[in-house]
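A.B. asks: A structural model of the following input is requested.
(one chain, ligands or ions: 2)
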Amino acid sequence: MGKIIAIANQKGGVGKTTTAVNLAASLAATKRKVLLIDLDPQGNATMASGVDKYKVHATCYELLIEEQSVEEVVIKETSGLYHLISANTDVTAAEIKLMEVYAREQRLKKALAPVKNYYDFIIIDCPPSLNMLTVNAMTAADSVLVPMQCEYYALEGLTALMDTITKLTSVVNDDLHIEGILRTMYDPRNRLANDVSEQLKRHFGDKVYRSVIPRNVRLAEAPSFGSPVMYYDKSSTGAKAYLALAGEVLRKNDLTKKAQQPTSSVT
Ligand code: ADP
Ligand code: MG
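C.D. replies: Numbering: from 1, shown residues only. Ligands and ions are numbered 1, 2, ... in the order given. Below you'll find the predicted structure:
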């Protein structure tokens, strides 16, 4: 069964889009069927996938507001072997219009139901706020992957996000859990980063991925070439780090699947 992972952190510039695009590409490179959903009106994940956000036939606006199907809005030609549902400024209107519709937080979940089992992974790139689009993502998702920079205020922001997830769990999505916390733009020579990283591990234990994404200029350059980093510079530390993350995500999910399988009865 497919797994839906929302990439969320209400803070901007922490590496959500970079993680969404490069995790999607890395999982797709392991022959998994992957759908990437750009839910941010800035459309950065769309552009980074080699798709011109101004020339798309449909975005998640059509999916969420006009109730077009995934088949109608999906873009299959991307630079990363994954399928894409795009975003551009039209999606700003979706956020406002969602406030007026019935079961407004359920729209994305409903739209994804017919394809959930077709894809192995559906990755959602959330906007940098806890708005109705993000609530839709978290209602549809099985889990939330939280990218964060190891800075002074990062833990405070993380606590706010965890509170929101806990509240949503009790209201709209009982099963929502933390997929993992990812340290991004990491510089091991920075003492503060190391301190925050230690605190994070003490607090969240094995929810913190062992894979760490280093600061790497190739990761920042790749989007302007409309490409995931692995197809822009496959030997870069950024490309290797996201491949390692994909491996960790796959291993963790295999373990959970095995743990959920009923043990055969002894006769
Ligand atoms: P968000 O989606 O959370 O706003 P982005 O993924 O867009 O964050 O990242 C913010 C900026 O930092 C972008 O310009 C991106 O290219 C750059 N960036 C992200 N991760 C890295 C990294 N590991 N090394 C260097 N630059 C990065
Ligand atoms: Mg972003």
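A.B. asks: quick one: the strands in the stretch 101-250 of the chain?
C.D. replies: Secondary structure of the stretch 101-250 of the chain (DSSP state E, counting those that start in this stretch): strands at 121-125, 143-149, 177-186, 208-214.
A.B. asks: and among these, the most buried is which?
C.D. replies: Here the criterion is mean neighbour count by mean count of other Cβ atoms under 10 Å, and of those the winner is strand 121-125, at a mean of 27. Yep, even glycine has a C-beta here, placed from its N, CA and C like the rest.
A.B. asks: With distance to ligand 2 and mean pLDDT as added columns, please give the strands of the stretch 101-250 of the chain in JSON lines.
C.D. replies: Putting the strands of the stretch 101-250 of the chain into JSON lines (distance: least, Cβ to the ion, whole Å; pLDDT from 0 to 100) gives the following:
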{"stretch": "strand 121-125", "distance to ligand 2": "6", "mean pLDDT": "98"}
{"stretch": "strand 143-149", "distance to ligand 2": "10", "mean pLDDT": "96"}
{"stretch": "strand 177-186", "distance to ligand 2": "12", "mean pLDDT": "96"}
{"stretch": "strand 208-214", "distance to ligand 2": "14", "mean pLDDT": "98"}
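A.B. asks: could these be laid out in TSV, adding distance to N131?
C.D. replies: Below are the strands of the stretch 101-250 of the chain laid out as TSV (distance: least, Cβ to Cβ, whole Å):
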stretch	distance to N131
strand 121-125	14
strand 143-149	15
strand 177-186	20
strand 208-214	26
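A.B. asks: got CSV for those, with distance to ligand 1 too?
C.D. replies: Formatted as CSV, those follow (distance: least, Cβ to the nearest ligand atom, whole Å):
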stretch, distance to ligand 1
strand 121-125, 7
strand 143-149, 7
strand 177-186, 4
strand 208-214, 5
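A.B. asks: out of these, which comes closest to E62?
C.D. replies: Nearest to E62, of all the strands of the stretch 101-250 of the chain, is strand 121-125, at 16.4 Å by Cβ to Cβ.
A.B. asks: which outside residues touch the closest one?
C.D. replies: Residues from elsewhere that reach strand 121-125, judged by Cβ atoms under 8 Å, 6 or more residues apart in numbering: 2-7, 16-17, 20-21, 23-24, 27, 32-40, 44-45, 108, 112, 115-116, 137, 140-141.
A.B. asks: out of those residues, who's near ligand 2?
C.D. replies: 16-17, 44 (Cβ under 5 Å from the ion).
A.B. asks: Go through those and single out the one with the most neighbours.
C.D. replies: Within those, K16 tops the neighbour count with 29 neighbours, counted by other Cβ atoms under 10 Å.
A.B. asks: Return the residues in contact with the residue nearest to that residue when sequence neighbours are not counted.
C.D. replies: The shortest distance from K16 to any non-neighbouring residue, by Cβ to Cβ, 6 or more residues apart in numbering, is to I7 (5.0 Å). Neighbouring residues of I7 by Cβ under 8 Å, 6+ apart: 16-17, 19-20, 23, 123-126, 144-147.
A.B. asks: just the residues you listed now: which is nearest L255?
C.D. replies: The shortest approach to L255 among those belongs to L145, at 16.3 Å (Cβ to Cβ).
A.B. asks: so what's the closest one up against?
C.D. replies: L145 makes contact with 5-8, 19, 23, 179-182, 249 under the criterion Cβ under 8 Å, 6+ apart.
A.B. asks: Among those residues, which pair sits farthest apart?
C.D. replies: A8 and V249 (15.5 Å).
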